[in-house]
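Q: sequence first, then the predicted structure, then my questions.
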Amino acid sequence: MMQVILVRHAETEWNVRGIIQGHSDSALTPRGERQTSALLAAFAESDLRVECVYASPLGRAWQMGQSLAESFCCSLIAEPALKEQAFGQFEGMTTAQLLQHSPDAAKALFKSDAEYCPPGGESLSHASQRMMHFLYNLEKKRHHQTICLVSHGHVTQGVLSILKSGAVDDFPRYAQPNASYSVFDLINGRCSTLRWGIATHLRHLD
């Protein structure tokens, strides 16, 4: 059995402005810094013992990974499979602009169709499967009992949907705030006791 703590990166400038990030990046906001501190404090008070942190190499996730690895006193490994879904030509646009210019694409991308592939990007289905593949391989190797993964909002929705309901199609249900986390056990490639979107540590920031 391998316990997995799956963390979404903290709030960025583009999150606040509603800009689609994907493989592009933007700086953390001051609120994002506070969210990180709140998450670290929550983990410090918990009985979670993480042996290794794997983080998406994109700046916003890598920063969270560095903070967590320092806090858990463990190693940090950059893992490209944990990157956000690539949104191709839509990166740098606001969701409002996308809704205005391509309402069907916006609906497919964020609400209804995990197989939809943005021009020059990848589908949510593909992005989620690369992350699942990495997870299954890690579990097979049995190097660690408890690991932490730092990833991104949209791809995490797809992964949680696969873990919880066996298919990526339920992804809109699994939206979660920045700096929230999910905890689950993987046993022979199957997920058990999934708690997702945990954000109680962020309440005092609102």
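A: Yep, that arrived.

Q: now the helices for the chain?
A: In the chain, helices defined by DSSP state H lie at 13-17, 30-45, 59-72, 95-101, 103-107, 124-141, 153-165, listed in chain order.

Q: quickly compare the ones you listed and say which is most buried.
A: Neighbour counts (mean count of other C-beta atoms under 10 Å) averaged over each of these peak at helix 153-165, with a mean of 23. Where C-beta positions appear, they are placed from N, C-alpha and C, glycine not excepted.

Q: nearest to residue 204, out of the helices of the chain?
A: Counting by C-beta to C-beta, residue 204 lies closest to helix 30-45 out of these; the figure is 7.3 Å.

Q: from residue 187, how far out is the nearest residue to residue 200 once chain neighbours are set aside?
A: Excluding its sequence neighbours, the residue lying closest to residue 200 (C-beta to C-beta, 6 or more residues apart in numbering) is residue 42, at 7.6 Å. Using C-beta to C-beta, to the nearest Å, one obtains 26 Å as the distance from residue 42 to residue 187.

Q: so residue 147 touches residue 51, yeah?
A: Yes. Counting by C-beta atoms under 8 Å, residue 51 is a contact partner of residue 147 at 6.5 Å.

Q: which one's more surrounded, the two?
A: Neighbours per residue (other C-beta atoms under 10 Å) separate residue 147 from residue 51, with residue 147 holding more: 22 against 14.

Q: so who does that one touch?
A: Contacts of residue 147 were listed using C-beta atoms under 8 Å, 6 or more residues apart in numbering, and they are 2, 3, 4, 5, 50, 51, 52, 53, 54, 138.

Q: check residue 11 too.
A: Applying C-beta under 8 Å, 6+ apart to residue 11 gives the contacts 28, 29, 31, 32, 35, 178, 179.

Q: cutoff 10 Å now
A: Residues counted as contacts of residue 11 (C-beta atoms under 10 Å, 6 or more residues apart in numbering) are 28-36, 60, 177-179, 202, 205.

Q: list the contacts for the closest residue in space to it that isn't next to it in sequence?
A: Leaving out its chain neighbours, the residue that sits closest to residue 11 by C-beta to C-beta, 6+ apart is residue 32, at 3.8 Å. The contact partners of residue 32, taken as C-beta under 10 Å, 6+ apart, are 9, 10, 11, 12, 13, 15, 16, 60, 63, 64, 178, 179.

Q: packing partners for the longest strand along the chain?
A: Longest strand of the chain, by residue count under DSSP state E: strand 190-198. Secondary-structure packing of strand 190-198 (3 or more C-beta pairs under 10 Å, 6 or more residues apart in numbering; DSSP states H and E): strand 2-8, helix 153-165, strand 181-187.

Q: okay, angle between the last one and helix 153-165 too, please.
A: Strand 181-187 and helix 153-165 are oriented at 40 degrees to each other (axes from the mean of the first three to the mean of the last three C-alpha atoms, to 10 degrees).

Q: how far out from the middle of the chain is strand 181-187?
A: From the chain centre to the centre of strand 181-187 is a distance of 13 Å (C-alpha atoms, centre = their mean, to the nearest Å).

Q: hey, what's residue 5 bridged with?
A: Residue 5 has these beta-bridge partners by DSSP bridges: residue 148, residue 183.
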